[in-house]
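Novice: give me the fold of what follows.
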Amino acid sequence: MRQIILFPGEDGYWVVECPSLPGCISQGKTKEEAITNIKEAITGYVEALKADNLPVPEENFETFVLAV
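Specialist: Residues are numbered from 1 along each chain as shown. So this is what the prediction gives:
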């Protein structure tokens, strides 16, 4: 299980990233498409680490909402 951050990009697409996996970022035309795409990206990322006998980072991300 991984936490993700989803936000609107400048080009009208939705951008999504997985902070516990550095560089694991995707996007989609809709929120649903972006989420589907990041699931694939996370799976590929973890499989690549395992194939290279590298450790898979644990999920350690906390979220907070800050009103300013």
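
Novice: how about the secondary structure of Lys39?
Specialist: helix (DSSP: H, G, I helix; E, B strand; the rest coil).

Novice: return the distance of it relative to Cys24.
Specialist: From Lys39 across to Cys24, the span is 11 Å (Cβ to Cβ, to the nearest Å). C-beta here means a position set from N, CA and C on the backbone, and glycine is covered the same way.

Novice: more neighbours, those two?
Specialist: Cys24 (19 against 15; other Cβ atoms under 10 Å).

Novice: thinking that one is in contact with Thr43, fair?
Specialist: No - counting by Cβ atoms under 8 Å, Cys24 does not reach Thr43; the two are 10.2 Å apart.

Novice: so Glu10: helix, strand or coil?
Specialist: Under three-state DSSP, Glu10 comes out as coil.

Novice: what is the neighbour count of it?
Specialist: If you count neighbours by other Cβ under 10 Å, Glu10 ends up with 6.

Novice: next up, the contacts around it.
Specialist: For Glu10, no contacting residues are found, by Cβ atoms under 8 Å, 6 or more residues apart in numbering.

Novice: Gln27 versus that one, what's the distance?
Specialist: In terms of Cβ to Cβ, Glu10 sits 11 Å off from Gln27.

Novice: residue boundaries of the strands in the chain?
Specialist: 5-8, 14-17, 25-28 (DSSP state E).

Novice: so which of those gets nearest Val68?
Specialist: Nearest to Val68, of all those, is strand 5-8, at 16.6 Å by Cβ to Cβ.

Novice: packing partners of the closest one?
Specialist: strand 14-17, helix 31-51 (3 or more Cβ pairs under 8 Å, 6 or more residues apart in numbering; DSSP states H and E).

Novice: please repeat the previous calculation with a cut-off of 7 Å.
Specialist: Judged by 3 or more Cβ pairs under 7 Å, 6 or more residues apart in numbering; DSSP states H and E, strand 5-8 is in contact with strand 14-17.
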